[in-house]
Structures are given as C-alpha cells and as structure tokens.
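no sequence for this one, just the structure:
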C-alpha cells in the first residue's frame, strides 16, 4: 500500500525530498552529516503523502504543497529527535537514534535547526494561516508531551490518553490534510472535513502504534519491544485493563506498574482483559470516522487513496 | 543604565511582557508553572530593548515592534533552556535552571513550545521577511552550537571563536536592531547600519560575557564560577593564551586543558599572557565599531541610548 502510494506520488515526494535536502546543505559539517543520517533513516513519509493527497483531492496544480509537506515532515522529524532524547531511546526504525550515536546535545540542536527551517520553508511562499497552523500544532505537540510528563505518576483515564494522542500525534496529521486542502482553495467546510479526516486518522494511527509496541516483534517495528511499558508510558491497552480488571488483578497490576514494571506479568493482565483487542477496536472506530469524512468527496484517485490509507493504518503490523 | 532604560521603555516593555504572558496561558499546568518560573527568572531584556530602541530611532509609531521584541526574547529564552540542558548547568542568574528543577525533558519541551509561539507571534501581523530573519537566526544559533561541538576536541582559532560567537549570539542581536529598523520602514542602508550595530554589539557582549566567567564572582553573574573552563569551552582569553604562550607554557596549558582542566592553573597562564585584557580590548573594539554605525544617525534619545549601551556592554561586571 505504502509502496504503491510512493510510486503514485513519486514526483511530488521527490520535490519534498529536494526541499529537505536543501535545508541540510549547511556549511556546518555536523548538520550535513547528522542530517543525511536522519534523512536516510526516515520513515514512511505518511505526513507528506497525506498533505499531497489532500491537495490533489481538490485538483491542486501549484507547487507549494510540497513545501508544506516538507515542513510538516520536518516538524515531525524534529519532534522524534527530541522524543528520543527524552525517552533515552537507543533505536528508531532499527537504527541507532541520533542521541545514541552523537549524543543528546547534537540531537537537541539538529531538531531545533530543523524546526527553524521548517517554519521558514512553510512561510516562503504561503499564506500566513498555513504557518500559523504549523506553529500551533508544534506547540500542541509540546503541550501533549508535557501533559504526559505531568501525569507521569498518576493513572491516566481514557480521556487523558486521547488528549495526549490528539496533541502529540493527531493534530499534526490534521494539519497535513487540512493545509493540503487549504492550499487547493477548497471551501471552509471541505477543508474542515479534510482536517477531521486527518485528526481521526491520527488517533487511529497512534492507538495502533501503541498496541504494536505490545504485540509486534522488534524486527517488525524497529523499536525495542515493550519499550512503552519500560518507559512507564500508559497506552490504551494498559489503561483499559486498569479500568476493567477485578480488584485483585487491578491491585497486582498497579503493584507491578509501580515497582519494576515486569513486562511479562503486565501483559498477562492485558491479555486476560483483552486490552489489545479493545484498543484495536477503538482504532478501527476512529479509522471508520476518518473514512466517513470523505463520504461526500467523490471517487477521485486521491480520495480513494485516503480511504485505503484509513484502512491500512489500523491493519499494519509495523 | 539598564534600570534607566527599563524606565524609559517601560510602556513598551510592559507590552512585550503581556505578549509573553499570553503565550504562557496554556491549559497544560506544567507550561504555566514552568513558564512563570522562566519569566520570573528572566534577564535584563537587552534584546527587546534593542529592538524597541532601533524602531524608535526611526520614529516608529506602530505596535508591532513589541511583538517582534517578544518573539526575539522568546527565541533567546528557548535557546538558553536548551543550552542549559546541553551544558548540564545547575544555575542560571543565581537560580536553579529548569533542567535542574524539572528535568531535561521538561526543559527541552518548554523551549520547543516557546520557539513555536515565538514564530507564530512574529508572524501574526508582520511582513514575511521579519519571520524569515528570525527563523534563519534561530537556525544559525543551532549551527553555531553544533560547530562548537564539532570542534570540541580541537583547539579553536580566533576565527573559529568569532564564527561561534556570531552564530550563537551576535546574529540574534543583529536581528533585534535590524528588524526594529525594518519595521519602522527605514531605508535599506539605514537598516543595514542598524543590523551591523547589533552584530558588533553582540560580539562585544559575548566576548565580555566570556571574560566575566573568568574574573567575576558567582554572586555577580549568578552562574557558577569558571563554568566555561569546567565545560571545556574555549573562550577568547584562553585561545589568546594558547596562541602567544611560550612553547613550555603552551604544552603545560594543553596538558591541563586535556587532563582534568585545573582552573587555577589554567588561569595562571591566562594571567601571565594578559588573556583577559586582550579579550576585553577586542570587546571594546567591537563596541566601538558598533557605535561607529550610528555616526550618521543624529542625536535622538533612542540613538543616544544605543550609543550608551555599546559602552555599557563592555564595562559591566555582570
């Protein structure tokens, strides 16, 4: 699916890459060196793809969409770099993280460099509203992570979890599809549908991502298995288990969670209460809600791809 | 001097504060809590003052200058937060740093939050060029710090040092005075003079700052004494000493530098070769160059203040 999409959007994605490449052409060696590493270990480029598809859905024929797409991808990349410092993560997508390879200082600064250039790129040729959305989404990502830190020693509710997911992940996806649509001069209501698609898509994406941490193998995700449990990150399967477990199981789970977090034992509880299945059903519900936004938008190739992406995102194994 | 200036610019600085205050009014508790701490431990607000004075030099009567001033101060603040994480600094201005009090994760994220809102604020009502300058200056600050990290194990030349100082400090000052001037619709050449004033002012400022680390007491600077030496930061007095020391002294200094960095012993060498005096003479030369930019700009109160600031910055003791 992703490969097919990458082929279909090949020319636009090449432009996105060219914008990113230009930003990394610094006269500071470390920027170039680390920048190339970050580029070469990049992910599926879901965000640029969504931005491009959203603009194509309205027949956009300009060139600014690849700038917006690149800016959004850079914001995402910068956020991952800081997240990996914060989580002391050794691996991302199966490769050493920048913090593991070059140190926290380099990872912090390269990310700041990417943020600055992302904002500059978004501004170069675009309406102020585009940049304003990107700035606000970036600030929300920080707020999401800070709220999570604030709640580190408390048990999260489903609402807390969704607030974190919206802030940390879903608003950025929403910006991808919303700004793609805005660029193409879609009307207010159509842009709102596209934004909502991205928001629901993003929530479905993150819930799935969080459950993959519990069930997929390292080789599939390229991350360390059960890293979320070790990092004390309460994801939906865990939260659900806390909510529905018997008093005795809940007490044992709480005890595990607060003392050493024995992953095997925690997962036994999650399995007993179908925590993963519950979370995946939630993810599918958000994906269906994302699809529903597109109901009135016809059957163009771009819209059809957005529909398929909503299915893909909850059915992937990595 | 600074107090007098703060009084003179009181109304504008209050507006700067109001913009910053509004940004900190997040619904995430940690943002508000840490944000207020950062505000309450803020510095002399030299950057907003310079931006305001530059705009006043051309009789600017609008309101956007306090937004630019606030954005520039926020970029500066965010950079300090990340620098303190990178340097593992326990104190800033005599108070615990955010990283010391709340942890590296919180410091990293609050800074990202401030960056995003700074860019958003700069964009709200201003010409694209203003924001572009701020983005580029922010990226340069990262490049300056990364270049310094890249050169960590090498001896710096005076040129390396000045490249770091320009990128990390001086371009931001240059943006303050340049953008203040740009806002007031000063012509290209006048804006260039103001930018050059800020650039030279910034270099003078940083050289002085670096020498204060070697000579001022903790109580004066609020930082830890000789922190630069402990952190292996080669500042101009040290670089000068390396350059002019006798072969035997140079070897001893190099040995000290690479093994444990005994501050007392390093400072004996610096004193012997008048490293501090050399650096301060350089700072004064850059301050004089800053003043020279103002030669044709008349004697308005704002321009006179800029002249006095250029003297102040090299004669301060903290």
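Cool, the structure landed. This structure is a prediction, so every number in the text was calculated from the model and none was measured. Numbers count the residues shown, from 1 in each chain, chains lettered A, B, ... in the order given.

Over to whichever residue of the stretch 201-318 of chain A sits closest to chain B: give its phi and psi.
Chain B sits closest to residue A:231 of the stretch 201-318 of chain A, with a gap of 11.2 Å, by Cβ to the nearest Cβ. All C-beta atoms are positioned from the backbone trio N, CA, C, and that covers glycine. Dihedral pair for residue A:231: phi -80, psi 0, per degrees, to the nearest 10.

now do residue A:89
Recorded main-chain torsions at residue A:89 are phi -70, psi 130, according to degrees, to the nearest 10.

hang on, it packs against residue A:99?
Yes - using Cβ atoms under 8 Å, residue A:89 makes contact with residue A:99 at a distance of 7.3 Å.

worst-scoring helix or strand of chain A, pLDDT-wise?
Across the helices and strands of chain A, mean pLDDT, DSSP states H and E gives its lowest value to helix A:218-221, namely a mean of 66.

Quick one: end-to-end length of stretch A:81-90, please.
When the termini of stretch A:81-90 are compared using Cα to Cα, to the nearest Å, they are 11 Å apart.

Just give me how far that stretch sits from the chain centre.
On the basis of Cα atoms, centre = their mean, to the nearest Å, stretch A:81-90 sits 15 Å off its chain's mean C-alpha point.

how many neighbours does the nearest residue to the residue of the stretch 201-318 of chain A closest to chain B once chain neighbours are set aside have?
Spatially, and ignoring its direct neighbours in sequence, residue A:231 is nearest to residue A:87 (5.6 Å; Cβ to Cβ, 6 or more residues apart in numbering or on different chains). Residues near residue A:87, counting by other Cβ atoms under 10 Å in any protein chain shown, number 17.

Surely residue A:87 and residue A:232 touch.
No - applying Cβ under 8 Å as the test, residue A:87 and residue A:232 come out as separate, 10.1 Å apart.

pretty sure residue A:278 contacts residue A:239?
No - Residue A:278 lies out of contact with residue A:239 (Cβ under 8 Å); the separation is 9.5 Å.

Just read off the phi/psi values of the residue nearest to residue A:231.
Backbone torsions of residue A:87, given as degrees, to the nearest 10, read phi -90, psi 0.

try residue A:95
When read as degrees, to the nearest 10, the backbone of residue A:95 gives phi -120, psi 160.

Could you count how many residues lie near it?
So residue A:95, with other Cβ under 10 Å, has 14 neighbours.

before we move on, what about the one 3 residues further on?
Neighbouring residues of residue A:98 were enumerated by other Cβ under 10 Å; the total is 25.

Which stretches in the stretch 101-250 of chain A count as strands?
Assigned by DSSP state E, counting those that start in this stretch, the stretch 101-250 of chain A shows no strands.

can you give me the helices for the stretch 151-300 of chain A?
Counting by DSSP state H, counting those that start in this stretch, one finds helices in the stretch 151-300 of chain A at the ranges A:158-165, A:171-183, A:188-215, A:218-221, A:227-230, A:236-244, A:247-258, A:263-272, A:275-292.

Which of these has the lowest mean pLDDT?
Per-stretch mean pLDDT for those is lowest at helix A:218-221 (a mean of 66).

Distance of the closest residue in space to residue A:25 that isn't next to it in sequence relative to chain B?
For residue A:25, ignoring the flanking residues on the chain, the nearest one in space by Cβ to Cβ, 6+ apart is residue A:32 at 7.0 Å. Using Cβ to the nearest Cβ, to the nearest Å, one gets 10 Å for the distance from residue A:32 to chain B.

Show me what from the stretch 51-200 of chain A comes close to chain B.
A:79, A:82, A:85-86, A:103-106, A:108-110, A:112-113, A:115-117, A:119-120, A:123-124, A:128, A:131-132, A:135-136, A:138-139, A:141-143, A:145-147, A:149-150 (Cβ under 8 Å from any Cβ of the partner chain).

Which members of those are classed as buried?
Among these, those buried by neighbour count (16 or more other Cβ atoms under 10 Å in any protein chain shown) are A:79, A:82, A:85-86, A:104-106, A:108-110, A:112-113, A:115-117, A:119-120, A:123, A:131, A:135, A:138-139, A:141-143, A:145-147, A:149-150.

Let's see which of those residues end up in helices.
Mapping these onto helices (DSSP state H) picks out A:79, A:82, A:85-86, A:104-106, A:108-110, A:112-113, A:115-117, A:119-120, A:123, A:131, A:135, A:138-139, A:141-143, A:145-147, A:149-150.

who's more crowded, residue A:89 and residue A:99?
Higher neighbour count among residue A:89 and residue A:99: residue A:99, with 24 against 19, using other Cβ under 10 Å.

Quick check, the more buried one in contact with residue A:88.
Yes - Residue A:99 lies in contact with residue A:88 (Cβ under 8 Å); the separation is 7.4 Å.

what's the closest non-adjacent residue to residue A:8?
residue A:305 (7.1 Å).

Kindly indicate whether the one you found is helix, strand or coil.
Here residue A:305 is helix, with the state taken from DSSP: H, G, I helix; E, B strand; the rest coil.

residues touching it, list them.
By Cβ atoms under 8 Å, 6 or more residues apart in numbering or on different chains, the residues touching residue A:305 are A:5, A:8, A:53.

export the residues you listed to JSON lines and tack on secondary structure and neighbour count?
Output for the contacts of residue A:305, formatted as JSON lines (DSSP: H, G, I helix; E, B strand; the rest coil; neighbours: other Cβ atoms under 10 Å in any protein chain shown):
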{"residue": "A:5", "secondary structure": "helix", "neighbour count": "21"}
{"residue": "A:8", "secondary structure": "helix", "neighbour count": "17"}
{"residue": "A:53", "secondary structure": "helix", "neighbour count": "29"}
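
for the residues you listed, which one is nearest chain B?
Checking the contacts of residue A:305 against chain B with Cβ to the nearest Cβ, the nearest one is residue A:53 at 25.6 Å.

per-residue confidence for the residue positioned nearest the centre of chain A?
With distances taken as Cα atoms, centre = their mean, the residue of chain A nearest its centroid is residue A:169 (4.6 Å). Looking at residue A:169, its pLDDT stands at 97.

farthest residue from the center of chain A?
When distances are taken from the C-alpha mean of chain A, residue A:248 lies farthest, 35.7 Å away, according to Cα atoms, centre = their mean.

could you measure it against residue B:229, distance?
59 Å (Cβ to Cβ, to the nearest Å).

can you check residue A:81 too?
30 Å.

neighbour-wise, which of the two wins?
Neighbour count, other Cβ under 10 Å: between residue A:81 and residue B:229, residue A:81 has more, with 26 against 22.

Give me the neighbour count for the residue nearest to that one when sequence neighbours are not counted.
Leaving aside its chain neighbours, residue A:81 sits nearest to residue A:111 (3.9 Å; criterion: Cβ to Cβ, 6+ apart). Residue A:111: 27 surrounding residues under other Cβ under 10 Å.
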